[in-house]
Structure formats: C-alpha cells, structure tokens
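Participant: Sequence and computational prediction follow.
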Amino acid sequence: HAPCFIASNVAFKFQSTLRKCRTMTASAVASLPRAADEEMIDPEMRETNESLRQSIQKLVSIINEPQSLTPPPTNNPSASVVHIIGTGLTPTLLNLPLSTLHILSEADVVLYDSLGLSYKDICQIVPKHCDVISVGKRGDKKSWKQKDIDELLIQVATETILPATSDATKEEQSPKSKTIVRLKGGDPFLFGRTRTEIENLRSHNIPYTYTPGISSCIAGPHLGGIPLTDALLDCQSFGVWSGTDAFGRSWGLMDNDSSEGRQWRGLDVDVLVFLMIGRLDKLEALCRSIANGNDGVDYDKKKGKWSKDTPCAIIQNAGGRKEGSGAEPSLPIQRVWRSTLEHIVADVKEEDETRTSVSPAVFIVGATAALDLLSQDDTPRDKAW
C-alpha cells in the first residue's frame, strides 16, 4: 500500500493503533482492520466509570488479591506484564471473574479479539488513558495476521510510560511498567493461537500471566440445551475439532484418502464437536464425510458409528445478545438448528436460499444433539427422533 493510502485511510481513524505500530512496515499498518463497534461508538464512552473501578478495587482489597494477578518473578522490576485472559463465551462484565475485572481496571493497553468482550464493555472499566485496540480475526473476512499481533504485543510491552510533564521529577521520569491485557474469547489455549504470542514474550523476557476461560466447544452446546455426555444415551465421551486444518482446508473438502481424509467412522468417541465451521459448503462436505466415511460408502447404523440419519445440531451465536438502542433491553440472537447429517444444511437453506454461512457457530454430531434440556417442553426429544 502506498504511503498516501496510509495517511488518508488509516491515520485519522486508527491513531491509537498507529501510535503503537509505528515500527511496523507501511503495508502491515495499512492493512490493520478496525472493529465496527470501535468506529460507531461515541467518544464519550471512553469516559471512565470511576465508581465501578473503585468498587472493584475495594472488593479485591477485602478478599485479598487473587493469585492469578501476581506477576511471575523477573530480573527487570520495571518490566511490563502481559495478562493473557480468556473471557469465555459471549462475555459481559457481569460474566467475568473479579480477577479479570481487577486487571482491566488497571490496564494501560488492551488488545482484544472479535468474539470476546466488546469495545463498549471494555471502555466502561479500563482507565481513561488506556489504549484499547481490536486485533480480532474472523474467517473469510479481512483480519489481522497472527504475525502482526505478535509484533504489536511485543512493542506495547517494551515501550515505557512517558512522564506527563517536562518538569517531572527524576523518579517520575524513570521507566514505568505497564499493565497489558491480551483478551481472547473462549479459552486462549484452545484454538487460540496463543503459543506464538507466549513464545515471543519469552524470547523478549517479558513476564506474563494466564487466566483460563470457558471455551465455546463446551458452553456453546450447553447453551443450546445439548449436553456433551448423557448416561441414558450411553454417551460417555466427546471429541473437539477445528472445522478446518492449519491451512484453512475443510476436513470434508480434502481428498478422501488415508493421508488427508480423517477416518471419522473409526473414532471411539460418542459425540463430535466442531468449531469454526460456519461456511455452509464446508459444513455440507463435512456432514457427507462423517456420514459416508472416507471411502464414499454409505454405512448403516449397524456397521458404523455415524450415518446419514445421525442427529446433529448447529448453535449460531451461542448465548449471544444484541444490544438494544437507548434504554431498550438487549435481545437474544442465538439460533439452533437440529436435524440429521443428511438434512441439516438443507434445513438451514430452507429459511434463506441465499445464506452461505452460519458463522460464528458450533456444530455437534451424535445422539445428544437431539436433546434440548433448556426447553420447558417435557417431551424427550431423543425419544421422538
């Protein structure tokens, strides 16, 4: 990208990120996407809710500082600390543990993902001076590259806080550590690409902490009323997969041979859970691959674990809510489709023939997918299936 493109299209909108990315290449900076909520939000939302922050500080002082807030020992007392935090599924401030709220209330920089805590919620709790930067990645959309996120994290962690005035005392002019928060939706260690970020922090001798979150592979099905295990159905195990491999290829779209195609029929698990499988063409290919095995033969229930009649379900925007305008309450946006491997994609398209994706979604295959434990209807769905 040309320098004029950077100046005209990025600098005036993305000043916070550019400040932190000034050592990155021009092409890298120009390609950094902004979050939609960050563009639309009123600047007044950045005003700190001081009462909320004080309440959090008081609670922490009463029950003592959680161990997860204590940074690891380091030879550099002025080193900034990076807190890698999982925010779980569809998080709000109310859903977060006190330790996470405490860290956010003292943050100097926050790097957050697309499917984690919203920009609006973050700005309600971080100090007014805090830089809040969206580094989210979304499938089939323009997103940050992991390499750029790794570099940005190192840069903000190695910068020091400058004195507020030129006549600052010697003590005030000395390097000061920063509290840096890396917010990730779900759990950072599960399909979170956290390893490269941690290895970069280690190589630069930057201390870090880790706070786990509840992954969408667990919370997603459960919020849809689907248990991943069930004694009555003899479902005692489940497995979790990414819908695509490390190169972005769908399992179902790979060549059906032993070197690339996965042998679903031979898996000794009772329930399959897939994340990042929102594109309907990939989902349809995956369903076909699971039902048919990798040799193209349609096995019946007696010969194989899975068949075209195996129950399955899609949970879209699990637990998600859309904020209402003004004083209006938020509205649930979660959708659940239940069907079989043969018909699930057709059932989704029946509502809208132009639909090509149900992202973000969790896909569940197995007997428990027919259940809905959150429904008030007392008819056992697995009996009627």
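Facilitator: Sure thing, it's come through.
Participant: Output the strand or helix carrying residue 364 in PDB, but only the C-alpha positions, please.
Facilitator: Using DSSP states H and E, residue 364 sits within strand 361-365. The C-alpha trace of strand 361-365 is given here as PDB (Å, rounded to 0.1, in the frame of the first residue of the first chain):
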ATOM      1  CA  ALA A 361     -21.200 -21.400  15.000                       C
ATOM      2  CA  VAL A 362     -20.600 -24.700  16.900                       C
ATOM      3  CA  PHE A 363     -21.600 -27.900  15.200                       C
ATOM      4  CA  ILE A 364     -22.400 -31.000  17.200                       C
ATOM      5  CA  VAL A 365     -22.800 -34.600  15.900                       C
END
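Participant: Does anything pack onto that strand? Which helices or strands?
Facilitator: helix 216-223, strand 271-275, helix 280-292, strand 311-316 (3 or more C-beta pairs under 8 Å, 6 or more residues apart in numbering; DSSP states H and E). All C-beta atoms are positioned from the backbone trio N, CA, C, and that covers glycine.
Participant: Select, out of those, the one closest to residue 262.
Facilitator: Among those, the nearest to residue 262 by C-beta to C-beta is helix 280-292 (7.5 Å).
Participant: gap between residue 53 and residue 245?
Facilitator: Residue 53 is 43 Å from residue 245, where distance means C-beta to C-beta, to the nearest Å.
Participant: what do you get for residue 110?
Facilitator: Residue 110 sits 31 Å away from residue 245, taking C-beta to C-beta as the criterion.
Participant: Compare these two (neighbour count), which wins?
Facilitator: The neighbour count for residue 110 versus residue 245, taken as other C-beta atoms under 10 Å, is higher for residue 110 (27 against 13).
Participant: which stretches of the stretch 201-350 of the chain form strands?
Facilitator: 208-211, 238-242, 271-275, 311-316, 321-322, 331-332, 335-340 (DSSP state E, counting those that start in this stretch).
Participant: quick one, which of those is nearest to residue 86?
Facilitator: Of those, nearest to residue 86 by C-beta to C-beta is strand 208-211, at 6.2 Å.
Participant: CA atoms of that closest one as CSV?
Facilitator: Included here for strand 208-211 are C-alpha records, laid out as CSV according to Å, rounded to 0.1, in the frame of the first residue of the first chain:
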residue,chain,number,x,y,z
TYR,A,208,3.1,-12.8,31.6
THR,A,209,0.1,-14.4,33.4
TYR,A,210,-2.7,-16.7,32.2
THR,A,211,-6.4,-16.7,33.1
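Participant: Show me what it pairs with in its sheet, parallel or antiparallel.
Facilitator: strand 81-86 (parallel) (DSSP bridges).
Participant: got the contact list for the partner strand?
Facilitator: With C-beta atoms under 8 Å, 6 or more residues apart in numbering as the test, strand 81-86 has contacts from 71, 100, 103, 153, 157, 177-189, 192, 194, 197-198, 201, 206-215.
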